[in-house]
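Student: test case, fold it:
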Amino acid sequence: MSDIIEINGYRIGRGEEKEIELNIARLPTHTSIDLPIHLYRAEEEGPVLLLTGGLHGDEINGVEILRRMIHNDQLIPEKGTVIVMPLVNTYGFIQNIRGLPDGKDINRSFPGSKSGSLASLMAYTLVKQILPHVDYGVDFHTGGDARANYPQIRCEWAVEANRDIAKAFSPPLIIDSSVLDNTFRKAAQDEGTPILVFEGGETLRFDEFAIQEGIDGTLRLMTYLGMISEPQEGQDTEIYEASPWIRAEYGGLFQHKAELGEHVEKDQLLGYISDPYGALWAEVKSPEKGRIIGINNAPVVYKGDALVHIACDFIKTV
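Tutor: Purely as a prediction, here's the structure:
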């Protein structure tokens, strides 16, 4: 841990708490858009943990997880440094959309470019200004497009550093998930920084269960990293190797019968697809044994739409 962390000309020493702002750009109205960052530094040496929320502007559970932790003074470390960015995509947040006004997705724009699109510029700023200081990170997300996610951590299980911090977070589920090109997690991994992705709830809705799991998991991780000393109670975590979506064979109205987090057997009924005229009534069944980690709550579906997300190929419980 450096004696001084310098971000965009701001210098933050050990034992300091400071809120700084990165100016990204401005709206066509000349309204400036800044990126607030909270830094909490202990006097004693330790790791640097990055916590980010709202990379997608309509995914507000992560924003609320970090807001509550800031409000309740839960991110002040006894050792090391916590860098908190509760709301990365302020543009999307203002408009209740996933990406930016130009339609681009920040989380498909890494490592970014100083002279690229707004999404590329924001990605570049994170990679150049923030990531060089970071040892570990958690990026908080929700399901998108009316899809609700059961609280889970996604990481590449083959990477030992990922396994260690994912188990320390102790979520209900860990999904072995390969990194995607141009994502924040991939950019961080390329820099040698393990980043976990937490998923919980759905867009534009608070999910108290997911929020509390995010808070509890973050505190458990901080304890594991030696940043706080207060013991945190863990839980059994199921680890799965695969997570396919069950897709609609027909267009129509989807009514789900399975619940988030439910363990299901092969051929178990998960829901029905009907049409508006009473002619169609098709059962949706589980193709294999697993656990429900995502459900599409939109009643109107088209052929091929994702309906139910199932974790399968169970590895073990830790």
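Student: doesn't Thr223 fall inside a strand?
Tutor: No. Going by DSSP: H, G, I helix; E, B strand; the rest coil, the assignment for Thr223 is helix, not a strand.
Student: against Pro77, how distant is it?
Tutor: 11 Å (C-beta to C-beta, to the nearest Å). To be clear about C-beta, it is placed using only N, CA and C from the backbone, and glycine gets the same treatment.
Student: ok, now Thr218?
Tutor: Going from Thr218 to Pro77 by C-beta to C-beta gives 12 Å.
Student: next one: Asp135
Tutor: With C-beta to C-beta as the criterion, Asp135 and Pro77 are 12 Å apart.
Student: find residues that contact each of those two.
Tutor: Listed as contacting both Asp135 and Pro77 by C-beta atoms under 8 Å, 6 or more residues apart in numbering are Leu49.
Student: higher neighbour count, those two?
Tutor: Pro77 (21 against 18; other C-beta atoms under 10 Å).
Student: so where is the stretch 201-318 of the chain shaky, pLDDT-wise?
Tutor: Of all residues in the stretch 201-318 of the chain, none has pLDDT under 70.
Student: OK, contacts around the residue nearest to Ile94 when sequence neighbours are not counted?
Tutor: Sequence neighbours aside, Gly57 is the residue nearest to Ile94 in space, at 7.3 Å (criterion: C-beta to C-beta, 6 or more residues apart in numbering). By C-beta under 8 Å, 6+ apart, the residues touching Gly57 are Asn89, Thr90, Tyr91, Gly92, Phe93, Ile94, Gln95, Asn96, Ile97, Arg98, Gly99, Leu100.
Student: am I right that Gly57 sits in a helix?
Tutor: No. Counting by three-state DSSP, Gly57 is not part of a helix but coil.
Student: now the strands for the stretch 1-150 of the chain?
Tutor: 4-7, 10-13, 17-26, 32-41, 44-53, 79-85, 136-141, 147-155 (DSSP state E, counting those that start in this stretch).
Student: which strands or helices does the first one pack on?
Tutor: It stands for strand 4-7. Packing partners of strand 4-7 (3 or more C-beta pairs under 8 Å, 6 or more residues apart in numbering; DSSP states H and E): strand 10-13, strand 32-41.
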